[in-house]
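A.B. asks: everything below, folded, please.
(4 chains)
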Number of protein chains: 2
Amino acid sequence: MTGQGPAASPRRARRSDAQRNEQRLLEAAAAVFVASGVDAPIREIAAEAGVGLGTIYRHFPTRTDLVVAVYGHQVEACAAAGPRLLAEAASPLDALLAWVDRFVDFLITKHGLADALGSDDTGFRQLHAYFLERLVPVCAELLEATERAGQTTPGVDAYELMRGIGNLCIGHESDTRYDPRHMVGLLIRGLRGTAAAPTANP
Amino acid sequence: MTGQGPAASPRRARRSDAQRNEQRLLEAAAAVFVASGVDAPIREIAAEAGVGLGTIYRHFPTRTDLVVAVYGHQVEACAAAGPRLLAEAASPLDALLAWVDRFVDFLITKHGLADALGSDDTGFRQLHAYFLERLVPVCAELLEATERAGQTTPGVDAYELMRGIGNLCIGHESDTRYDPRHMVGLLIRGLRGTAAAPTANP
DNA sequence: GACGATCCGGAACCTTGTTCCGTATCGTCT
DNA sequence: AGACGATACGGAACAAGGTTCCGGATCGTC
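C.D. replies: Sure, this is the predicted structure:
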């Protein structure tokens, strides 16, 4: 172990133009995602960044890499919010509700993200996987807490719940008659099911 | 009334080869839809039918036309089942449950159909519209009945419910961990909400 | 200043959708 | 039967987007 580099030992540091381009691509991607959605043509992002196609593919081999680079910290923040809410909220159910709200907000706020997660196109499969792998454990924790508190019917799988919520958020743009929040609200209400609130009940 | 043609008076009947080709296309499309999903390349269907690209576009200008031609009668049957169930089932809620079951079965049975309905690709927009226009009224009728019977919380929009159910069915293939029926079940349970069953309850 | 490692740009190729038109076929009329 | 106009056919051609690849420019170091 010579311990000379940040990691193993890339004999040379990254070239400065490479760093610059990565930065430009990140900014361009963020802008294009907002303008045209996360499924915008790669060429459009390359053009916005003033960079060739080869460059974008070298820095971000898959679309997922780009999306994660742009929105990754928000996903992480969402993941981190789970335990925090559980600690701070009045009850596990309140925590779950708040967390789901936050997740839904994130999805429907990012142009085309929900649709992308729902689609099974090549290049979105990995994105799908990333989201689920990152957030399902958090959701599971919240769910277990609500179950233990008797606020939720047991036996609901966190993975399925996350997929369900994500799916419900699909297509909210391009359809003003459909508000995902209504259906997510219904879904969550179904989660409470017959496990009536242990407290008040007229 | 001369009563010579089937309709108004296309001065000539359709050519026999045209009829033959339409038939072939229908059969080919059905086969390809099963094998490769409703989003299979047009060329694949043309090849399967042994016709040129121009021919398929002439007979079925949009993908929707083809899908409706293949699955239309099943959609109609589903639409027709609504009133019948309402008349036959023990309660409006039973009717609604049975009808939703039937709809979900239909969606997850047809390779890629749910995904297609969820996507907002050009050429699937119309399919989406067709399904909703045909089935939302039926769902609305069932929903009103359950509401009147006090088996369902009022204020839920049939259109949103149908979209929600459809969305929940997306991506069930290519993901063995996700069973749409579970989430649809939850959604429907949320529909019943706090409107406790007016009858028996252990 | 030179030289090798790195990185860049975009031409080129693939897949799929869609249009268009020269040509073949059909049905009818003589 | 033969001819002729209406129909229908086939597939070339064009567009859009994804992905690969490599000659050449640039960077960092010696």
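A.B. asks: up against DNA strand C, what does chain A have?
C.D. replies: A:10-12, A:14-15, A:17-18, A:21, A:50-55, A:57-59 (CB under 7 Å from any atom of the strand). From N, CA and C alone the C-beta is placed, and that goes for glycine too.
A.B. asks: name the helices or strands packed onto the longest helix along chain A?
C.D. replies: For chain A, the longest helix by residue count, based on DSSP state H, is helix A:63-88. For helix A:63-88, the packing partners by 3 or more CB pairs under 8 Å, 6 or more residues apart in numbering or on different chains; DSSP states H and E come out as helix A:16-36, helix A:92-109, helix A:113-118, helix A:125-148.
A.B. asks: of the residues of chain A next to DNA strand C, select the buried ones using a ChimeraX command.
C.D. replies: In ChimeraX, a selection of the buried entries from those looks like this (16 or more other CB atoms under 10 Å in any protein chain shown):
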select /A:21,51,55,59
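A.B. asks: give me the domain ranges for chain A.
C.D. replies: A:15-61, A:71-192 (automatic domain parsing).
A.B. asks: how about the nearest residue to residue A:55 once chain neighbours are set aside, what does it touch?
C.D. replies: Nearest in space to residue A:55, with sequence neighbours left out and distances taken as CB to CB, 6 or more residues apart in numbering or on different chains, is residue A:21 at 5.7 Å. Applying CB atoms under 8 Å, 6 or more residues apart in numbering or on different chains to residue A:21 gives the contacts A:49, A:51, A:55, A:59.
A.B. asks: check residue A:77 too.
C.D. replies: Residue A:77 touches nothing, counting by CB under 8 Å, 6+ apart.
A.B. asks: mind checking how far it is from residue A:38?
C.D. replies: Using CB to CB, to the nearest Å, residue A:77 is found at 18 Å from residue A:38.
A.B. asks: correct me if wrong: residue A:120 contacts residue B:171.
C.D. replies: Yes - checked against CB atoms under 8 Å, the pair residue A:120 and residue B:171 is within contact range at 6.0 Å.
A.B. asks: identify the contacts common to the two.
C.D. replies: Shared contacts of residue A:120 and residue B:171 (CB under 8 Å, 6+ apart): residue B:115.
A.B. asks: these two: who's more crowded?
C.D. replies: Neighbours were counted for residue A:120 and for residue B:171 using other CB atoms under 10 Å in any protein chain shown; residue B:171 has more, 22 against 17.
A.B. asks: which ones are touching that one?
C.D. replies: Residues counted as contacts of residue B:171 (CB under 8 Å, 6+ apart) are A:118, A:120, A:163, A:167, B:114, B:115, B:178.
A.B. asks: same question, residue A:157
C.D. replies: Contacts of residue A:157 by CB under 8 Å, 6+ apart are B:177, B:182.
A.B. asks: show me the contacts for the closest residue to residue A:164 other than its chain neighbours.
C.D. replies: Nearest residue to residue A:164 in three dimensions, chain neighbours excluded: residue B:183, at 3.6 Å (CB to CB, 6+ apart). Each residue near residue B:183 by CB under 8 Å, 6+ apart is listed here: A:160, A:161, A:163, A:164, A:167, A:187, B:168.
A.B. asks: show me what contacts the last one?
C.D. replies: Okay, so that is residue B:168. With contact taken as CB under 8 Å, 6+ apart, residue B:168 is in contact with A:164, A:167, A:168, B:180, B:183, B:184, B:187.
A.B. asks: what about these, which are in helices?
C.D. replies: Of those, the ones assigned to helices by DSSP H are A:164, A:167, A:168, B:180, B:183, B:184, B:187.
A.B. asks: what about those, which one has the most neighbours?
C.D. replies: Taking other CB under 10 Å as the neighbour criterion, residue A:168 ranks highest of these with 32 neighbours.
A.B. asks: per-residue confidence at the residue in chain A positioned nearest to DNA strand C?
C.D. replies: Here chain A gets closest to DNA strand C at one residue, residue A:54, 2.1 Å apart by CB to the nearest atom of the strand. In this model, residue A:54 is scored at 97, pLDDT.
A.B. asks: separation between it and residue A:113?
C.D. replies: Residue A:54 sits 27 Å away from residue A:113, going by CB to CB.
A.B. asks: how about residue A:159?
C.D. replies: Residue A:159 sits 19 Å away from residue A:113, going by CB to CB.
A.B. asks: how far does stretch A:181-191 sit from its chain's centre?
C.D. replies: How far stretch A:181-191 lies from its chain's middle: 19 Å, per CA atoms, centre = their mean, to the nearest Å.
A.B. asks: quick one: average confidence on that stretch?
C.D. replies: 97.
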